[in-house]
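> Turn this into a structure:
(chains A and B)
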Protein chains: 2
Amino acid sequence: MEKYRLRLDVNNMMAQYVGAKGFTEQELENAKADAKKAFEFVEANRGTGMMGWTELPYNQNDIVDDIIATAKEIQNKFDYFVVLGIGGSALGPIAIQQALNHLHYNDLPKEKRGGCPKLFVEDNVDPERMSALFDVIELEKTCFNVISKSGSTSETMTQYLILWDALKKKLGDEAKNHIIATTDAEKGNLIKLCQKEGFKKYVIPDGVGGRFSEMCPVGLLAAAVCGIDIKAMLAGAAYMDSISKSDDIYANAPLMAATMQYLAMNKGCNISVMMPYADSLKFMADWYCQLWGESLGKKYDLDGNVVNVGQTPVKALGVTDQHSQVQLYTEGPFDKVVTIIGVDNYRTVVKIADGCEDIPAVNFLCGHTMNELITAERVATEYALLKSGHLNHTIMLPEVNAFTIGELMYFYELETAYCGAMLNINTFDQPGVEEGKNATYALLGRPGYDEKRAELNQIPQKDNKFIV
Amino acid sequence: MEKYRLRLDVNNMMAQYVGAKGFTEQELENAKADAKKAFEFVEANRGTGMMGWTELPYNQNDIVDDIIATAKEIQNKFDYFVVLGIGGSALGPIAIQQALNHLHYNDLPKEKRGGCPKLFVEDNVDPERMSALFDVIELEKTCFNVISKSGSTSETMTQYLILWDALKKKLGDEAKNHIIATTDAEKGNLIKLCQKEGFKKYVIPDGVGGRFSEMCPVGLLAAAVCGIDIKAMLAGAAYMDSISKSDDIYANAPLMAATMQYLAMNKGCNISVMMPYADSLKFMADWYCQLWGESLGKKYDLDGNVVNVGQTPVKALGVTDQHSQVQLYTEGPFDKVVTIIGVDNYRTVVKIADGCEDIPAVNFLCGHTMNELITAERVATEYALLKSGHLNHTIMLPEVNAFTIGELMYFYELETAYCGAMLNINTFDQPGVEEGKNATYALLGRPGYDEKRAELNQIPQKDNKFIV
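As a prediction, the model looks like this:
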């Protein structure tokens, strides 16, 4: 699978190329010990605690056959497949669908979708959006995949309550065959509902947090339903794992990437821009933003010190954002690392037609392909960043397919784990989300949250002077 | 129109509420002189130079009637309307469509779209995307709106070349009736093509840069074609203009917002997060990101000093990104200002059904509405940010409609102009985009770019050691 191996190019992070803000080889040399320690931490903790995700490329084989068979049934029986989930339960499926299916998948007639259903991923509780969904699906032809490890995710359970009620009213006893739950094997509310109502269920393995869950049923079911080769995805992840077995940054791409980001953070780069040059990878940036932001944004380190660390991830799209963000990236502060994702071979070639012979400022495009244009623009942006002295590096994918996407996602999972280890933080929790959750519970009157309600009542009154 | 007036609430930016990172009233007092100067700069330059956009709420009336009549013709004749544009030519139309039309507009049958055509906005040169477009439109039923002030935007002209060729091959002489150009009145390549080929054209007025162009034909045509009340949009912009006539930050909301961001930047907040709590406003954040990033990201100030300023805009979505980014926002560095956009009245109410009487951790949701839930989550996030000491402020829209969207966009245009004036930079140019453009031209062999080609050939060879 060497021909599908992704390549990480960090030349433009080095002082000899990018100038004063870059790193010297000596700095890299000095960081090697930290990198080695991070590598050893990840190896030592594989498959334990919240690092169950490292095993997903290997331990999902049994379940994969069941998923593929179920996906076939769903394709035969339903015209719409709706994911109810939020965070990792949504961002992975969205990223995969955009990467590996037709860019206007839902706009195609069913036969051009290979007989697969339309896909909607509902990851918000905006009433306007819920109402809009009812306008474009037919309940009797819709399968809902409710995803929540605990079954207490307010957003997802809200959607479930509304749709389950609608299904029952419309379909009676048949309703239960329209819901598949993806949840914990034993604990939580959703598994109780499965038992009570008789829903089919898939299990989220232990030690797999939401943002690391794409390679388990959370991501695999929706992908398989939409015709994606999930075995190839898992094989790609396993391949990336197999080529990341060295504690030497020059022989382990995710470790090199993590080290670079760690060094950049120490030099004040508090922003990480993810800028793929492919519409297919547009939502891979969203998935990355959760992985990176939620994993590394932490108040405490493992020794209990207040550190308030975390690089803020920013999603961008090449070439589109050259006309939106690149002005800032090239002329603004030296506060960011730009990661460009390039593609060697797009899955189609589009020739730019002739037709402006008398206008040289347009005619030079004629005879080229769009492929040449997007590639030239990527190289030009790398050059503009280099010339302005802004840190950037590039990941090249030989092409976008299920295998390379599995590779890329596992690359980022490893990079995140390594970087978190270097920062000496807990990469796999999200304590900061609790405050908002608890305040929501209190505001909506959930039993047991009286204390939080009292706390909220004590917020000082707002001053009208500061409302303009 | 008082009932549709938006409200800016900056309480959570003040030290008395948010703690050490916030501002004191004295700091605001001290900033008043800068604010006043910025206000006076904007007033003095209204309608001059690159500030032609300030007049758009007033000087587009004549053209609006023509646009509305043309939109009706397009609705009668075509089933697809495709915008070819990039940057402001795309981000404005996308933001408006998402805000003011059905959230699954393209998925509806034509009669449920009020007889309006499907809308596609093509703002990239990915060959896979161009190819995908051909799969979901019928050329003989498609109207293309080619938008480029200069007619030399490589991306847009590439799309034009490909589609014009396809139209001519399929439709012969009739092809020209499938293209509408939006461009400069006199200069550039696109106006030449209009004259040569006989395309209908709309004019981008002088002094209106791409990111300030939504209220001229760039944005108005697509909106009108999709059934949006463009007169109400313009009225909303005019209303915001009318309530921003004071040099006192306590009586001019965009000026207060600009002052806050300016002070925050001076205190090291190099990140500005835009987080609307409404799917309808999701792409308003993308539009804002261009406006803010490209306007304020500058290497030089007006006195020629190297300053490398600019806040990096980040787009987020409530409540969705509570499960992706809020961990970082509440526990991470004190390096950002979070702007939340709330909505008083969503355009529909969705009740959360009963159905989990035996599971209290879910049942507390029952009987509430999604409207209550999304509002509680917004308030809870503001509280979590406040409690963790992170700067945040909120803009409340009474509801999302054409009037309030016009207001909101003009609010941000003014805020950007004020903030740029405080930073003493040129808010309205984008010199940093040139480097990449020129390198692209050189790489594709455009005549006249030999020198740049030579420069590119002199980039030091990459070191394979740094490609992992």
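
> Identify the residues contacting the spatially most central residue of chain A.
With distances taken as C-alpha atoms, centre = their mean, residue A:287 lies nearest the centre of chain A, 1.5 Å away. Neighbour list for residue A:287: A:91, A:92, A:94, A:95, A:214, A:409 [criterion: C-beta atoms under 8 Å, 6 or more residues apart in numbering or on different chains]. Yep, even glycine has a C-beta here, placed from its N, CA and C like the rest.

> Domain boundaries for chain A, per the record?
What automatic domain parsing lists as the domains of chain A is A:2-45+A:236-422, A:53-228.

> Of all the ones you listed, which one comes closest to residue B:6?
With C-beta to C-beta as the measure, domain A:53-228 is the member of the domains of chain A nearest residue B:6 (18.2 Å).

> excluding its backbone neighbours, what's nearest residue A:219?
residue A:92 (4.2 Å; C-beta to C-beta, 6 or more residues apart in numbering or on different chains).

> so what's residue A:461 scoring on pLDDT?
Here the pLDDT value assigned to residue A:461 is 87.

> where's it relative to chain B, distance?
9 Å (C-beta to the nearest C-beta, to the nearest Å).

> Give me the distance between stretch A:311-321 and the centre of its chain.
13 Å (C-alpha atoms, centre = their mean, to the nearest Å).

> and the end-to-end length of stretch A:101-111?
14 Å (C-alpha to C-alpha, to the nearest Å).

> From the rest of the structure, what touches it?
A:79, A:97, A:112-113, A:116-120, A:226-228, A:279-280, B:106-107, B:118, B:128-129, B:132-133, B:135-136.

> Could you check how many residues crowd around the residue in the stretch 1-150 of chain A that chain B sits nearest to?
Closest to chain B within the stretch 1-150 of chain A is residue A:87: 3.1 Å, counting by C-beta to the nearest C-beta. Using other C-beta atoms under 10 Å in any protein chain shown, residue A:87 is surrounded by 27 other residues.

> hang on, the earlier thing: secondary structure of the residue nearest to the centre of chain A: a strand, I assume?
No: counting by DSSP: H, G, I helix; E, B strand; the rest coil, residue A:287 is not part of a strand but helix.

> Show me which residues of the stretch 101-250 of chain A are close to chain B?
Proximity of the stretch 101-250 of chain A to chain B (C-beta under 8 Å from any C-beta of the partner chain) is limited to residues A:102-104, A:106-108, A:112, A:118, A:123-133, A:135-136, A:151-155, A:157-158, A:161-162, A:164-166, A:189, A:192-193, A:210-211, A:249-250.

> From those, list just the buried residues.
Buried members of those, scored by 16 or more other C-beta atoms under 10 Å in any protein chain shown, are A:102-104, A:106-108, A:118, A:123-133, A:136, A:151-155, A:157-158, A:161-162, A:164-165, A:189, A:192-193, A:210-211, A:249.

> Start and end of stretch A:337-351, how far apart?
End to end - C-alpha to C-alpha - stretch A:337-351 spans 33 Å.

> ok, and for that stretch, which residues are buried?
A:337, A:338, A:339, A:340, A:341, A:342, A:343, A:346, A:350, A:351.

> Also stretch A:358-373?
Buried, per 16+ other C-beta under 10 Å, within stretch A:358-373: A:359, A:361-366, A:368-373.

> try stretch A:201-215
Quick answer for stretch A:201-215 (16+ other C-beta under 10 Å): A:201-205, A:207-215.

> Export the residues you listed as JSON lines, with columns for secondary structure.
Below are the buried residues of stretch A:201-215 laid out as JSON lines (three-state DSSP):
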{"residue": "A:201", "secondary structure": "strand"}
{"residue": "A:202", "secondary structure": "strand"}
{"residue": "A:203", "secondary structure": "strand"}
{"residue": "A:204", "secondary structure": "coil"}
{"residue": "A:205", "secondary structure": "coil"}
{"residue": "A:207", "secondary structure": "coil"}
{"residue": "A:208", "secondary structure": "coil"}
{"residue": "A:209", "secondary structure": "coil"}
{"residue": "A:210", "secondary structure": "helix"}
{"residue": "A:211", "secondary structure": "helix"}
{"residue": "A:212", "secondary structure": "helix"}
{"residue": "A:213", "secondary structure": "coil"}
{"residue": "A:214", "secondary structure": "coil"}
{"residue": "A:215", "secondary structure": "coil"}
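
> now, the most widely separated pair of the residues you listed?
Farthest pair in these (C-beta to C-beta) is A:201 and A:211. Separation: 21.6 Å.

> quick one: stretch A:345-355 to chain centroid distance?
Using C-alpha atoms, centre = their mean, the offset of stretch A:345-355 from its chain centre is 29 Å.

> got the contact list for it?
Contacts of stretch A:345-355 (C-beta under 8 Å, 6+ apart): A:278, A:365-371, A:373-374, A:398-400, B:126-128, B:130-131, B:158, B:161-162, B:164-166.

> pLDDT score for residue A:403?
The predicted local confidence for residue A:403 is 98.

> I should have written residue A:458 there, sorry.
88.

> Now do the strand ranked longest in chain A: distance to the chain's middle.
Assignment by DSSP state E gives strand A:336-343 as the longest strand of chain A. Counting by C-alpha atoms, centre = their mean, strand A:336-343 is centred 15 Å from the centre of its parent chain.

> What ranges does the stretch 151-300 of chain A have for its helices?
Ranges of helices in the stretch 151-300 of chain A, per DSSP state H, counting those that start in this stretch, are A:154-171, A:189-197, A:217-225, A:230-242, A:253-266, A:284-296.

> Give the buried residues for the fifth one.
Spelled out, it's helix A:253-266. A:253-265.

> Send me it as PDB with only the CA atoms.
Only the C-alpha atoms of helix A:253-266 are listed here, as PDB (Å, rounded to 0.1, in the frame of the first residue of the first chain):
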ATOM      1  CA  ALA A 253       5.300  11.400  10.400                       C
ATOM      2  CA  PRO A 254       2.600  12.000  13.100                       C
ATOM      3  CA  LEU A 255       5.400  12.300  15.600                       C
ATOM      4  CA  MET A 256       7.200  14.900  13.500                       C
ATOM      5  CA  ALA A 257       4.000  16.800  13.000                       C
ATOM      6  CA  ALA A 258       3.300  16.800  16.700                       C
ATOM      7  CA  THR A 259       6.800  17.900  17.500                       C
ATOM      8  CA  MET A 260       6.600  20.800  15.100                       C
ATOM      9  CA  GLN A 261       3.300  22.000  16.600                       C
ATOM     10  CA  TYR A 262       4.600  21.600  20.100                       C
ATOM     11  CA  LEU A 263       7.700  23.700  19.200                       C
ATOM     12  CA  ALA A 264       5.500  26.300  17.400                       C
ATOM     13  CA  MET A 265       3.100  26.500  20.400                       C
ATOM     14  CA  ASN A 266       6.100  27.200  22.600                       C
END
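
> got a list of what residue A:285 touches?
Applying C-beta under 8 Å, 6+ apart, the residues contacting residue A:285 are A:274, A:275, A:276, A:315, A:316, A:317.

> And the residue of chain A most remote from its centre, how far from residue B:193?
In terms of distance from the mean C-alpha position of chain A, residue A:358 ranks first, at 46.2 Å (C-alpha atoms, centre = their mean). Distance of residue A:358 to residue B:193, given as C-beta to C-beta, to the nearest Å: 10 Å.

> what does the average pLDDT come to for stretch A:409-422?
98.

> So it, near chain B or not?
No: Stretch A:409-422 lies apart from chain B when judged by C-beta under 8 Å from any C-beta; the minimum separation is 10.7 Å.

> can you give me the strands in chain A?
Going by DSSP E, chain A shows strands at A:7-9, A:80-84, A:118-122, A:142-147, A:179-183, A:200-203, A:271-276, A:298-300, A:306-309, A:312-315, A:336-343, A:392-397.

> now these as CSV including mean pLDDT and distance to residue A:24?
Shown next, in CSV, are these (pLDDT from 0 to 100; distance: least, C-beta to C-beta, whole Å):
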stretch, mean pLDDT, distance to residue A:24
strand A:7-9, 98, 18
strand A:80-84, 98, 47
strand A:118-122, 98, 45
strand A:142-147, 98, 46
strand A:179-183, 98, 48
strand A:200-203, 97, 49
strand A:271-276, 98, 21
strand A:298-300, 98, 29
strand A:306-309, 98, 24
strand A:312-315, 98, 26
strand A:336-343, 98, 17
strand A:392-397, 98, 16
